[in-house]
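A.B. asks: here's a sequence, model it:
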Amino acid sequence: MIAIVVAYKNGSELAECCQGLADLGDVDRVIIVDNSHGVAGSCIDASGLVLGPKMIHAIPPSNLGFAGGNNFGIELARDLNAERVLICNPDVIVGPDTLSGLLREMDSRSLDLISPYMREVDGDNYPVDLMWPGWDFWLGRGVLDISSASRIRRYSPTFYGACFVIRVDLLDDIGGLSEDFFLYAEELDFCRRIDDSGGRWSVSKEYGVFHARGSSISPTGGPRKSLTSLHHSSRSAVIVGRKYWPLAALWWTVVRFGWAVQFLLKGNHLGFRAVILGVISGWRAPLTAGSAKATRSSITTALRQLFRR
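C.D. replies: This next block holds a predicted model:
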């Protein structure tokens, strides 16, 4: 088992995550893809991480984002003859029994991909278990838990991209994470491609991990998002809409213009700019040929996905 951690401007949480992974008996190597290198200095130095014998510090040619960084790590894992890889955010802590439990569940259920549920801490410092994520078709954004949603058909279930195990042979069939996305919505795109290939994926209800809000997207470690996060969440919403639900992409653009106006009215000009530029970038971005099936999304399908109840 090879673990892959894509890091960018992370603090001490990176050291805690990587050391914890290296201590797991099921993990042979931990590949740390350093997207900070050459941009903001090495994440190894910033986090205080001491590289152990299981750890590999991998430096990509540039900041490749979440999808590109993980694909870079996956190629290194292939060179190490990995049959399965664990994708893990640097703000995730995997407990000593969690990974082995996930692997057993993966085998017993014949899954190609499995994600643990997430445990976070709310604003009152109270632990909250998030059991099943999804995509909100009305607002065009990811939702961390749809398990108790009153209108479940409004959402498309996904898995937690912050931590999941995947079989390498599935990647041979469908390719890696789509690099049309820099941050966000990769899970939704990946679920579509897994489903189209006949693969099986799920979120475990038995095994969970602790997820903190990382410093690269949340400067305070809480729900407040950085400007980078605002930009790329807006960009990715437009891109995933263009790929699968073209008419919905138009509506999600309108929604984000509304959010941008709210930032402006509150005097947050940088937030306004981040959202607007993200939307524009999403419409201008070229889509990878053959990586999705946007041409098969008719107007009727888009309307049904957008307004279903």
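
A.B. asks: what's the local residue count around Thr261?
C.D. replies: No, residue 261 isn't Thr; it's Val. 13 (other CB atoms under 10 Å). C-beta: built from backbone N, CA, C; applies to glycine.

A.B. asks: that one should be in a helix, yeah?
C.D. replies: Yes. Membership of Val261 in a helix is supported by DSSP: H, G, I helix; E, B strand; the rest coil.

A.B. asks: who touches it in this structure?
C.D. replies: Contact analysis of Val261 by CB atoms under 8 Å, 6 or more residues apart in numbering lists Phe272.

A.B. asks: equivalent analysis for Ser42, please.
C.D. replies: With CB under 8 Å, 6+ apart, Ser42 has these contacts: Asp34, Ser36.

A.B. asks: the helices in the stretch 101-250 of the chain, which residues?
C.D. replies: 168-174, 186-197, 227-244, 246-265 (DSSP state H, counting those that start in this stretch).

A.B. asks: surely Ile2 touches Leu80?
C.D. replies: Yes. Counting by CB atoms under 8 Å, Ile2 does reach Leu80; the two are 5.9 Å apart.

A.B. asks: anything in contact with each of these two?
C.D. replies: Residues touching both Ile2 and Leu80 comprise Asp28, Arg29, with contact defined as CB under 8 Å, 6+ apart.

A.B. asks: re the thing from before, okay, the helices of the stretch 101-250 of the chain in JSON lines with mean pLDDT and distance to Leu99 next?
C.D. replies: Shown next, in JSON lines, are the helices of the stretch 101-250 of the chain (pLDDT from 0 to 100; distance: least, CB to CB, whole Å):
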{"stretch": "helix 168-174", "mean pLDDT": "91", "distance to Leu99": "16"}
{"stretch": "helix 186-197", "mean pLDDT": "92", "distance to Leu99": "19"}
{"stretch": "helix 227-244", "mean pLDDT": "94", "distance to Leu99": "28"}
{"stretch": "helix 246-265", "mean pLDDT": "96", "distance to Leu99": "36"}
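
A.B. asks: so what touches stretch 93-104?
C.D. replies: Taking CB under 8 Å, 6+ apart as the rule, stretch 93-104 contacts 1, 16-17, 20-21, 23-27, 84, 86, 88, 114, 116, 163, 165, 204, 206-212.

A.B. asks: can you check stretch 165-176 too?
C.D. replies: Stretch 165-176 is contacted from outside by 1, 67, 70-71, 74, 77-78, 82-87, 99, 102-103, 106, 112-115, 193-194, 196-197, 199, 291, using CB under 8 Å, 6+ apart.

A.B. asks: now, of those, which are buried?
C.D. replies: The neighbour count (16 or more other CB atoms under 10 Å) marks 1, 67, 70-71, 74, 77, 82, 84-87, 99, 102-103, 106, 112-115, 193-194, 199, 291 as buried among the contacts of stretch 165-176.
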